[in-house]
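> sharing a sequence plus its predicted fold:
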2 protein chains.
Amino acid sequence: MREALHHGGALDAAIARYGGARADWLDLSTGINPAPPPLPPLDPALWTRLPERALEERARGALRRFTGAGAGAGIALAPGTQSLIALLPHLLPPGPAAVLFPSYEEHGRALAQAGHHVTRFADLGDIPPEARLVTLVSPNNPDGRRFDPASVLALADRLAGQGGLLVLDEAFADAEPGAGLASAAGRPGLLVLDEAFADAEPGASLASAAGRPGLLVLRSFGKFFGLAGLRFGAALGEPALTRRIEARFGPWAVSGPALAIAAAQMEDEAGVAALREGIARRAALTRQALAAAGLAPVGGTALFSLLSVPDAAKLFEGLARRHILTRPFAYRPDWLRLGTVRDEGEAERLKQALRAALAEAGG
Amino acid sequence: MREALHHGGALDAAIARYGGARADWLDLSTGINPAPPPLPPLDPALWTRLPERALEERARGALRRFTGAGAGAGIALAPGTQSLIALLPHLLPPGPAAVLFPSYEEHGRALAQAGHHVTRFADLGDIPPEARLVTLVSPNNPDGRRFDPASVLALADRLAGQGGLLVLDEAFADAEPGAGLASAAGRPGLLVLDEAFADAEPGASLASAAGRPGLLVLRSFGKFFGLAGLRFGAALGEPALTRRIEARFGPWAVSGPALAIAAAQMEDEAGVAALREGIARRAALTRQALAAAGLAPVGGTALFSLLSVPDAAKLFEGLARRHILTRPFAYRPDWLRLGTVRDEGEAERLKQALRAALAEAGG
């Protein structure tokens, strides 16, 4: 099922195997917000004309404010973060690279495909000194791990001194309260407060550090906003580097509708605050359902929870037979990742299904 | 104005210089069909879910039928042909490359940026034998030139034998009756009949030859369908090569809405026939307006006409003062390119503006 999962076709594969109509399934296999905001009205010219520079600049400005990136950071727009992950290994000559493990596996795959010699590391201290291209996902997927901002920036500095680059994938940073880093927030200039949500929640993002040598921050739009189909993502970093990245895509790589929708959603501060509240509420509902089934996540973010159970394949299957799709991991037979439910009804359904599936597994 | 033109911001620049509201302007600066078909209804899930593999396959199938590409050809989907033009120079190590001149200048720019040594050629016979990456636009932009299919395929064969590649950019092939190549159509296996329009018009495309070594055919969606903002394009070629191209973009580089709209439009054979009729009618209207002003195009396709006049800058300015935007060429002070008008009203406006501007230029 790897290939199917990889291409977002996990649900089709599951339907083929476990039956049911599409509408019967509760798809918890991703970390995408299941309750996106309504789309703004779209000017028909967005479809017919080439995306205009003014619109690209508007989206860049909205992203800068939304992420708290400084004025000195360059912003390369892309048709989704995934296309940045595929491109980045080609910006440096093949050489020693290092990726966090366990983590989102596309980074290591793309680096290896581009001819880099990829080493895995479990902790920042284990990164081989010869590594020139290092990838870190924070908060990490699937375990929700975060990293000490000072250590992350020190790593970027070291790599910068060696002509290397730290790629910091913050795909899930928007949804993250970042409480785990709150104690580091006092270190001046190191931890960023995401201005859009500074009132309620200190941000876990290092986007405000983007622009310094050696650091490239990837930001995903589709997960937090629940709009994964429109394909919008960005790389924040030194302007010389982000210009190189944009040149690799050529002009107009992001569609007009995607630029307009992303800009409008990021500019809508009240909408963003409501979205964040909704995500937190759904995360709580999901965790309550897990708890009611006797399960405590071993990690996660507001958009997904990671379970460790004796036989995750069995639990996956028990849920799939009840038309609930989750995400297993071939390298960790005890792990199962679940996205968030949309509402109380889905939470109740998840709770009942978990109880039944766990009872079967125990019996 | 180069940079502005380059980024589709020519209209904004013209408004800043010549005044008028956006709606006052008749934008003839591109070769994009000004009368796109209505958009099909969009499933909201296209925005919220990652684009599914089944949808990508549907778009590939529709493109295969629409272009007449054979079953042996691989099809790499991309967020617009422009991103393919930017990527392709990085698929071969830097070396001697050759581009047609005059032609669409992004090919040469992208090759030079990637470190290739770029030579320009005016005729196929002038291509330096050492060139490994050769780019040809057919029908050519801006002069509408076509090339003998047998010579084009022989060139691809020669390059294949040297480990090289011919990139054949057919951005304007869909709108082209291809009458200029009709005499070559009898050569078996060389000239493709575009199946979608085989009844009315023999195609000028070599898409059906895609899949043979040394040939990569680029197809643009936005120009013929008038939907340049949605960003959808494709490269047709040897499967091993198109797989490499897709790997460079990573999964999900084309948005869900773009895939669904492009597939639906290409599948709609009656709609495509109507679109082609409409384009031909508008091209005739445009040429009648030019003729009524005493102008005969020196080249073009159904989507644009190329004029040669003593002082194109003066004519550009005379039209711009009347809020009609056209496309001048820095390297050819006698050339002015005009897209097609939408209807009789625009044709009349163009005719009057041309007459007045030409009278000023003569006076």
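Good, I have the coordinates. Keep in mind the model is a prediction, meaning the values are calculated, not measured.
> just want the most central residue of chain A.
Closest residue to the average C-alpha location of chain A: A:Ala171 at 2.5 Å, with C-alpha atoms, centre = their mean.
> around chain B, pick out the residues from the stretch 151-300 of chain A.
By C-beta under 8 Å from any C-beta of the partner chain, the residues of the stretch 151-300 of chain A that approach chain B are A:222, A:226-231, A:247-258, A:261. C-beta coordinates here come from the backbone N, C-alpha and C atoms, glycine included.
> now, the residues you listed that are in helices?
Among these, the members found in helices (DSSP state H) are A:222, A:247-249, A:256-258, A:261.
> dihedrals phi and psi, the residue in the stretch 51-200 of chain A positioned nearest to chain B?
Proximity of the stretch 51-200 of chain A to chain B (C-beta to the nearest C-beta) peaks at A:Ala86, 3.1 Å away. With angles defined as degrees, to the nearest 10, A:Ala86 sits at phi -70, psi -30.
> that one contacts B:Phe249, correct?
Yes. At 6.0 Å, A:Ala86 counts as touching B:Phe249 under the criterion of C-beta atoms under 8 Å.
> quick check, A:Phe147 in contact with A:Val137.
No. Contact between A:Phe147 and A:Val137 fails when scored by C-beta under 8 Å: they sit 9.5 Å apart.
> please say which of the two ends up with more neighbours.
Taking other C-beta atoms under 10 Å in any protein chain shown, A:Phe147 and A:Val137 do not tie; A:Val137 has more neighbours (25 against 22).
> could you flag which of the residues of the stretch 151-300 of chain A next to chain B are buried?
Buried residues within those, counting neighbours by 16 or more other C-beta atoms under 10 Å in any protein chain shown: A:222, A:226-231, A:248-258, A:261.
> which stretches of the stretch 101-250 of chain A form helices?
A:106-113, A:149-161, A:222-225, A:239-249 (DSSP state H, counting those that start in this stretch).
> pick the most deeply packed of those helices.
Of the helices of the stretch 101-250 of chain A, the one with the most neighbours on average (mean count of other C-beta atoms under 10 Å in any protein chain shown) is helix A:222-225, at a mean of 26.
> run the chain-centre distance for that helix.
Helix A:222-225 sits 8 Å away from the centroid of its parent chain (C-alpha atoms, centre = their mean, to the nearest Å).
> ok, stretch A:14-24 next?
In terms of C-alpha atoms, centre = their mean, the centre of stretch A:14-24 is found 26 Å from the chain centre.
> and for stretch A:272-291?
17 Å.
> just stretch A:243-254 next, same as before
So, by C-alpha atoms, centre = their mean, the centroid of stretch A:243-254 is 22 Å from its chain's centroid.
> report the backbone C-alpha coordinates of it in PDB.
C-alpha atoms of stretch A:243-254 as PDB (Å, rounded to 0.1, in the frame of the first residue of the first chain):
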ATOM      1  CA  ARG A 243      15.700  33.500  -5.900                       C
ATOM      2  CA  ARG A 244      17.500  30.400  -7.100                       C
ATOM      3  CA  ILE A 245      14.600  28.300  -6.000                       C
ATOM      4  CA  GLU A 246      12.100  30.500  -7.900                       C
ATOM      5  CA  ALA A 247      14.300  30.400 -11.000                       C
ATOM      6  CA  ARG A 248      14.200  26.600 -10.900                       C
ATOM      7  CA  PHE A 249      10.400  26.700 -11.000                       C
ATOM      8  CA  GLY A 250      10.200  29.500 -13.500                       C
ATOM      9  CA  PRO A 251       7.500  32.200 -13.400                       C
ATOM     10  CA  TRP A 252       3.800  31.300 -12.700                       C
ATOM     11  CA  ALA A 253       4.400  28.000 -11.000                       C
ATOM     12  CA  VAL A 254       1.500  28.600  -8.500                       C
END
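> low-confidence ranges, the stretch 251-363 of chain A, go.
Applying pLDDT under 70 to the stretch 251-363 of chain A flags residues A:363.
> isn't A:Gly256 right up against A:Trp47?
Yes. Counting by C-beta under 8 Å, A:Trp47 is a contact partner of A:Gly256 at 6.6 Å.
> what touches both of the two?
B:229-230 (C-beta atoms under 8 Å, 6 or more residues apart in numbering or on different chains).
> output the helices of the stretch 101-250 of chain A as JSON lines; include the columns mean pLDDT and distance to B:Ala293.
Formatted as JSON lines, the helices of the stretch 101-250 of chain A follow (pLDDT from 0 to 100; distance: least, C-beta to C-beta, whole Å):
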{"stretch": "helix A:106-113", "mean pLDDT": "96", "distance to B:Ala293": "55"}
{"stretch": "helix A:149-161", "mean pLDDT": "93", "distance to B:Ala293": "60"}
{"stretch": "helix A:222-225", "mean pLDDT": "94", "distance to B:Ala293": "50"}
{"stretch": "helix A:239-249", "mean pLDDT": "95", "distance to B:Ala293": "40"}
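> picking that back up, contacting residues for the residue nearest to the centre of chain A?
Contacts of A:Ala171 by C-beta under 8 Å, 6+ apart are A:31, A:81, A:104, A:137, A:141, A:218-220, A:223.
> between those, which is nearest B:Leu236?
A:Thr81 (27.3 Å; C-beta to C-beta).
> what's the burial count for that closest one?
With other C-beta under 10 Å as criterion, A:Thr81 counts 26.
> which residues are in contact with the closest residue in space to it that isn't next to it in sequence?
Distances taken as C-beta to C-beta, 6 or more residues apart in numbering or on different chains place A:Gly233 nearest to A:Thr81, at 3.6 Å, with adjacent residues excluded. Going by C-beta under 8 Å, 6+ apart, A:Gly233 touches A:77-84, A:218-222.
> so how far is A:Pro79 from A:Gly233?
7 Å (C-beta to C-beta, to the nearest Å).
> same question for A:Ala21.
Distance from A:Ala21 to A:Pro79, by C-beta to C-beta: 31 Å.
> in stretch A:76-94, what's buried?
A:76-90, A:92.
> same check, this time on stretch A:331-345
A:335-342.
> what does the lengthiest helix in chain A rub up against?
Assignment by DSSP H gives helix A:269-292 as the longest helix of chain A. With contacts defined as C-beta under 8 Å, 6+ apart, helix A:269-292 is touched by A:33-35, A:37, A:66, A:174-175, A:177, A:196-197, A:200-201, A:224-225, A:265-266, A:296-297, A:302-303, A:305, A:307, A:338-344, A:346-348, A:350-351, A:354-355.
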